[in-house]
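1. Based on what follows, work out the 3D shape:
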Amino acid sequence: ATLAARPQSSPWLSEAQINREHFEEAMASAIEGSAADPTITEGYLALGRAYAELDQFSTALWPLQTYVAYRPDDARGWAYLARVNVALHQPNDALQNANRALEINNRLSLGYLARGFANCDLGDYEACRQDFQNAYRYGTTSYWLDMGFATAYFRLKDYSEALNYAN
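-> Model prediction:
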């Protein structure tokens, strides 16, 4: 399909709105675009991401599960699903889904970030710290990455490093 043939509200518009941190608009675009053409699998990813960015994690679960069912080769789908699993306190599912993402793309920062939080929840703080190091290596720093590092170092009893990241 050409760009002109795509609906005004689409997963691509939603993706752009998420990247600009216009999450309410992104959710509306994803819902409208998915309703207009539910066969566009990217719409499920856009919808799940929009819900997750709005901290509506239980609502984000089904579109992300649908997306990975149709697109099992997309590492981002698995990583976002892992992120939602972490937020829903499902660390074993998060670990499994993050590992799947990283099997597909071993340079995906979001996969390491999600797996790091899953490992922290499971009490493996050294693995958690290593995952955050890889998330930083393949991505950029963020609030969540800094908080992850702070948590890992605190649990490893390296309080000065924990404070460095917390600040």
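2. OK, contacts around Trp78?
-> Val68, Asn97, Ala98, Arg100, Ala101, Ile104, Gly111 (CB atoms under 8 Å, 6 or more residues apart in numbering). Quick note: C-beta positions are derived from backbone N, CA and C, even for glycine.
3. Regarding it, which helix or strand does it belong to?
-> helix 75-87 (DSSP states H and E).
4. Could you point out the helix or strand that follows that helix?
-> Per DSSP H and E, the first helix or strand lying C-terminal to helix 75-87 is helix 91-104.
5. Check what contacts that next one and list those residues.
-> Counting by CB under 8 Å, 6+ apart, residues outside helix 91-104 touching it are 68, 73-79, 81-83, 85-86, 108, 110-112, 114-115, 117-119, 121-122.
6. any idea of the mean pLDDT in that helix?
-> What helix 91-104 shows for mean pLDDT is 98.
7. How many neighbouring residues does Arg83 have?
-> 28 (other CB atoms under 10 Å).
8. Surely it is in contact with Tyr112?
-> No - with contact defined as CB atoms under 8 Å, Arg83 does not count as touching Tyr112 (11.3 Å).
9. give me every residue that touches the residue nearest the centre of the chain.
-> Ranked by distance to the mean C-alpha position of the chain (CA atoms, centre = their mean), the top residue is Tyr80 at 3.0 Å. By CB under 8 Å, 6+ apart, the residues touching Tyr80 are Leu45, Gly48, Arg49, Ala52, Ala60, Leu64, Leu110.
10. Considering the residues you listed, which is situated nearest to Leu145?
-> Ranked by distance to Leu145 (CB to CB), the contacts of Tyr80 are led by Leu110 at 10.3 Å.
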